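Undergrad: Any chance you can model this:
(chains A, B, C and D)
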Number of protein chains: 2
Amino acid sequence: MKRALLRRIDPALLSRAAEIIKMLGHPERLKIVEVLERGEATVSDIQDAIGIPQAIVSQHLARMRGCNIVAAQRDGSYVRYRVIEPKVHHVLNCIRECDA
Amino acid sequence: MKRALLRRIDPALLSRAAEIIKMLGHPERLKIVEVLERGEATVSDIQDAIGIPQAIVSQHLARMRGCNIVAAQRDGSYVRYRVIEPKVHHVLNCIRECDA
DNA sequence: ATTGACATATAGCTATTAGTATATTATCCT
DNA sequence: AGGATAATATACTAATAGCTATATGTCAAT
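TA: Next up is the predicted model:
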């Protein structure tokens, strides 16, 4: 495994990193971004995929949108969400690698 | 970069993963574990290293201890903390790799 | 054993976050 | 257009986190 040799995280980026992983630090949000990782999805797509109440999905999405982790785009009565923060993929892959 | 090919995160581990990154999702806690990553440290070591009030350091440590991310060991009037959750290193390395 | 100084922990208030119930917005049909 | 239905968003309450001020614990010296 590649080691970064304990180099200090760039202070300028640390705060944003904390913000991102804070947002991902919730089981439901983690599941949501896992779905979105595969491509755009509507609120109801996500709801169906992970089986939690719509209002919860919507709120989590709103919060993640608030810190520019996902973006929304209305499409008729649907709203399509997608991941816009590239680090999200890194973090998810990190988690996958962890549970070897 | 090695890709995990969007394999679903093991549901049994996802919850713990969320808990861990939630704990790391705070700038001060991130700095704290960065210090601890290099080895054991006392509360005051950490305080000196990152320059925030002792009470804050102590509280963050208590919280991380509460979910078994760090462990404490009294040594006279000092208390030495250390990381006991291996995934912490993975996450920190992930963050370092992110900000290429 | 008491005092003083230092190291760490917690109490108490405020602010965020999570979840349930309700509201809004959009589409389709008559 | 108006009303029904489906999709999404928000309001409100309960729990949790964060910060400042204060307390507890430990050691050393007298």
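Undergrad: Helices along chain A, start to end?
TA: Assigned by DSSP state H, chain A shows helices spanning A:11-24, A:27-37, A:43-50, A:54-66, A:87-98.
Undergrad: looking only at pLDDT, what's the mean for stretch A:51-61?
TA: Average pLDDT, stretch A:51-61: 97.
Undergrad: can you pull the contacts of the most centrally placed residue in chain A?
TA: Chain A has A:Val33 as the residue nearest its centroid, 3.8 Å off, counting by C-alpha atoms, centre = their mean. Neighbour list for A:Val33: A:24, A:64, A:69-70, A:83, A:88, A:92 [criterion: C-beta atoms under 8 Å, 6 or more residues apart in numbering or on different chains]. In this view, the C-beta of every residue, glycine as well, is placed from N, C-alpha and C.
Undergrad: cool, and A:His89?
TA: Counting by C-beta under 8 Å, 6+ apart, the residues that A:His89 touches are A:37, A:83.
Undergrad: Any residues of chain A in contact with DNA strand C? List them.
TA: With C-beta under 7 Å from any atom of the strand as the criterion, chain A meets DNA strand C at residues A:26, A:28, A:53, A:55-56, A:59, A:63, A:74, A:76-77.
Undergrad: and chain B, which of the residues you listed reach it?
TA: Contacts with chain B within the residues of chain A next to DNA strand C, as defined by C-beta under 8 Å from any C-beta of the partner chain: A:His26.
Undergrad: Kindly supply the ChimeraX command isolating those of the residues of chain A next to DNA strand C that are buried.
TA: Burial among the residues of chain A next to DNA strand C is assessed by 16 or more other C-beta atoms under 10 Å in any protein chain shown; the matching ChimeraX selection reads:
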select /A:26,28
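Undergrad: No further questions, thank you.
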